[in-house]
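> Here is a sequence together with a model predicted from it:
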Amino acid sequence: MTIDLCPNCGSDQYVKSGIVNKRQRYRCKKCNYYFTVNKIGKKIDDYYVNKSLQLYLEGLTYREIERILGISHVSVMNWVKKYNIKRPYNSNYHPTYKILNANELGKYFLDTDNLKGAGVVVTELGDKFMLIKWERFKD
């Protein structure tokens, strides 16, 4: 990463001034401020952000999404806050989910009993598929 200006005074006159924690340190000639290059964070692919938010809207918990996608539940929570995602509330139904490959998914839909009495959503998950089904809570 290149440095354009001093973060303290905005001057473009700075010199290298050693290395701290394996990062280049600089000193501004104008204000004597010491600074280092900002660390570039690990960016998560937008696919996983979208998939995480879809699963959240489908009713999965943060921890369930973490187990399925391998994305930190804290990241998912932060995205929900950042994008102001609100999921609809309906206490009569709860989601159940299965991870299936293409053959298993085909067999699942061949059994008509699996299609009765609840909504079903299938979403792609890499080389597998996630099947989410809403079932009524048993009284």
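Here it is on my side, so go on.
> for the longest helix along the chain, which positions count as buried?
Ranked by residue count and defined by DSSP state H, the top helix of the chain is helix 46-57. For helix 46-57, burial by neighbour count (16 or more other Cβ atoms under 10 Å) applies to Tyr48, Val49, Lys51, Ser52, Leu53, Gln54, Leu55, Tyr56. For every residue, glycine as well, the C-beta is placed using N, CA and C.
> Same check on stretch 55-64?
Leu55, Tyr56, Glu58, Gly59, Leu60, Tyr62, Glu64.
> Just checking the distance from it to the centre of its chain.
11 Å (Cα atoms, centre = their mean, to the nearest Å).
> Please enumerate residues in contact with that stretch?
65, 68-69, 73-74, 76-77, 80, 85, 87, 94-95, 97, 121, 123, 130, 132, 134 (Cβ atoms under 8 Å, 6 or more residues apart in numbering).
> List the ones among those that fall in helices.
Ile65, Ile68, Leu69, His73, Val74, Val76, Met77, Val80.
> Selecting buried members of those in ChimeraX, what would you type?
Listed next is the ChimeraX selection for buried residues among the ones in helices among the contacts of stretch 55-64, using 16+ other Cβ under 10 Å:
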select :65,68,69,76,80
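> Let me know the closest of the ones in helices among the contacts of stretch 55-64 to Lys107.
Ile68 (21.0 Å; Cβ to Cβ).
> so who does the closest one touch?
Leu55, Leu60, Tyr97, Ile99, Leu125, Met130.
> List the ones among those that fall in strands.
Of the contacts of Ile68, the ones assigned to strands by DSSP state E are Tyr97, Ile99, Leu125, Met130.
> Can I take it that Ile44 is in a helix?
No - using DSSP: H, G, I helix; E, B strand; the rest coil, the assignment for Ile44 is coil, not a helix.
> so it sits right up against Gly70, yeah?
No - counting by Cβ atoms under 8 Å, Ile44 stays clear of Gly70, with 10.3 Å between them.
> The two: who's more crowded?
Between Ile44 and Gly70, counted using other Cβ atoms under 10 Å, the more crowded position is Ile44 (14 against 8).
> Now tabulate the buried residues of helix 46-57 in CSV and tack on pLDDT and distance to Cys28.
Shown next, in CSV, are these (pLDDT from 0 to 100; distance: Cβ to Cβ, whole Å):
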residue, pLDDT, distance to Cys28
Tyr48, 89, 39
Val49, 92, 37
Lys51, 90, 44
Ser52, 91, 41
Leu53, 91, 42
Gln54, 87, 46
Leu55, 86, 47
Tyr56, 88, 45
